[in-house]
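>>> Okay, predicted coordinates and the sequence, questions at the end:
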Amino acid sequence: FEIGTILKMGFPGYFLIVGDFINWAKNNGCPVGPGRGSGAGSLVAYALKITDLDPLQYNLLFERFLNPERVSMPDFDIDFCQGNRDRVIEYVKQKYGKDAVSQIATFGTMAARAAIRDVGRVLDLSYGFCDGISKLVPNKPGMSVTLQYPPVPKKEGDKNNYALEMEPLLAERVRQEEDVKTLIELAQKLEGMTRNVGMHAGGVLIAPGKLTDFCPLYAQPGSDSAVSQYDKDDVEAIGLVKFDFLGLATLTILEIAREFIMKRHKGQENFRFEDVRLDDPKVYALFSRGQTEAVFQFESRGMQGMLRDAKPTRLEDLIAL
């Protein structure tokens, strides 16, 4: 069923390319994560050694990764050890050609607060004054607050929130102080404009030929590696496939730990994480005490509290948490 879906949607190449650079990484001393996100639901991915856990054992759904009814690009989140990530990208460049591989641009845009600060700097207003005004703009996680009126939602279903309605004090100062009025009016015009160009932390493009046939490129001054001038959404819109090469410090730490174990413990010269038992009671005791500093996905204080309450005793408990 999976192979049928992959063929029908035209993604065999994608799987084979991902399988190729992951296996190169594993064979060349670049630690790779065992798989995370929806890609772990694919048996084909497990067979190609892209992921290291058996989806049948955990009843994971392939359809969450590739759904024939909703055509979207497959997207493996692939974690590499931070120190070695660039080696894998270099391998891909050598294999598919330097002119076919690039990283992806990201465009930093001016949010409401930044726009106020930037305008204030240009107008020579004192830092304290501008900072005070910008802090009046509500800043709640997961909520986009705008100076525009009427607010224009970014995408369908978005509820945009108008700063002056949410913060009466800001509205009051705009009415009463000429400086504040000028500052906000200019900031409204600049909000949402592109402020700077950066490089996407993990996205890498691999094109079927020269990248310049598909999109414009640029190189940052002093660097010889190309970056696409389109961001991740536009790159997908023109039909290029992006691969996520994420650098994860946790994998680097695990690799150092593994080297220490091999060096310091007799009989452990061939130690592999793959051979570690998943039912070691001492490990679950550690989790139950909430002692999970720097354990990927379990390190936040909320998570540590939940572990102390739930007292997990098997892997399935950790999955549920």
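It's in.
>>> Map the structural domains onto the sequence of the protein.
Here the domain parsing of the chain from automatic domain parsing is 2-103+197-250, 111-192, 277-321.
>>> now for those domains, which one comes closest to Phe260?
domain 2-103+197-250 (14.3 Å; Cβ to Cβ). From N, CA and C alone the C-beta is placed, and that goes for glycine too.
>>> Show the backbone phi and psi for the nearest residue to Lys26 once chain neighbours are set aside.
Take Lys26 and drop its neighbours on the chain: the residue closest to it by Cβ to Cβ, 6 or more residues apart in numbering is Val32, 5.6 Å away. Val32 adopts backbone torsions of phi -120, psi 140, taken as degrees, to the nearest 10.
>>> Could you do Thr252 as well?
Phi and psi for Thr252, reported as degrees, to the nearest 10, are phi -70, psi -40.
>>> now do the one 10 residues further on
When read as degrees, to the nearest 10, the backbone of Met262 gives phi -60, psi -40.
>>> just Thr313 next, same as before
According to degrees, to the nearest 10, Thr313 has phi -130, psi 0.
>>> how about the nearest residue to it, chain neighbours excluded?
Leaving out its chain neighbours, the residue that sits closest to Thr313 by Cβ to Cβ, 6+ apart is Tyr284, at 5.1 Å.
>>> Quote the end-to-end distance of stretch 97-116.
Terminal residues of stretch 97-116 lie 44 Å apart, using Cα to Cα, to the nearest Å.
>>> Give me the buried positions along that stretch.
For stretch 97-116, the buried set under the neighbour-count rule, 16 or more other Cβ atoms under 10 Å, comprises 100-106, 110-116.
>>> average pLDDT for it?
Mean pLDDT, stretch 97-116: 87.
>>> chain center to that stretch, what's the gap?
Centroid separation for stretch 97-116 versus its chain: 14 Å, with Cα atoms, centre = their mean, to the nearest Å.
>>> you'd agree the residue nearest to Lys26 is up against Ala25?
Yes. Using Cβ atoms under 8 Å, Val32 is in contact with Ala25, at 5.1 Å.
>>> shared neighbours of these two, anything?
Common neighbours of Val32 and Ala25, counting by Cβ atoms under 8 Å, 6 or more residues apart in numbering, are Phe80.
>>> Endpoints of stretch 43-59, how far apart?
End-to-end span of stretch 43-59 (Cα to Cα): 11 Å.
>>> With stretch 204-213 instead?
For stretch 204-213, the first-to-last residue distance is 17 Å (Cα to Cα).
>>> re the thing from before, quick one: the residue nearest to Thr313 from Ile253, how far?
In this view, Tyr284 and Ile253 are 21 Å apart by Cβ to Cβ, to the nearest Å.
>>> Next, Asp77: phi, psi?
Dihedral angles (degrees, to the nearest 10) for Asp77: phi -90, psi 110.
>>> ditto for the one 4 residues further on
When read as degrees, to the nearest 10, the backbone of Cys81 gives phi -60, psi 130.
>>> which stretches of the stretch 151-300 of the chain form helices?
163-166, 168-176, 178-190, 232-237, 249-264, 281-288 (DSSP state H, counting those that start in this stretch).
>>> what residues are up against the residue nearest to Lys26?
22, 25-26, 78-81, 251.
>>> just to revisit the earlier point, to Leu66, which of the helices of the stretch 151-300 of the chain lies closest?
helix 232-237 (15.3 Å).
>>> before we move on, the earlier item: for the residue nearest to Lys26, which residues make a bridge with it?
Phe80 (DSSP bridges).
>>> Offset the numbering so it begins at 873, please.
Happy to do that; since the first residue is 873 now, the last one works out to Val904.
>>> Distance check, it against Thr923.
Relative to Thr923, Val904 is positioned 10 Å away (Cβ to Cβ).
>>> before we move on, what about Ala912?
Distance from Ala912 to Thr923, by Cβ to Cβ: 5 Å.
>>> Tell me which of those two has more neighbours.
More crowded of Ala912 and Thr923, by other Cβ atoms under 10 Å: Thr923, with 26 against 22.
>>> Can you check what pLDDT the model gives that one?
The model reports Thr923 with a pLDDT of 93.
>>> Check Asn1033 too.
pLDDT, read off for Asn1033, is 78.
>>> Test my guess that it contacts Gln1020.
No. Between Asn1033 and Gln1020 there is no contact under Cβ under 8 Å: 10.5 Å.
>>> Have a look at Tyr1156 and Ile1125 and say which one is more surrounded.
Tyr1156 (18 against 15).
>>> sorry, back to before: using a markdown table, lay out the domains of the chain together with distance to Gly1139.
Listed next are those as a markdown table, based on distance: least, Cβ to Cβ, whole Å:
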| stretch | distance to Gly1139 |
| --- | --- |
| domain 874-975+1069-1122 | 22 |
| domain 983-1064 | 49 |
| domain 1149-1193 | 16 |
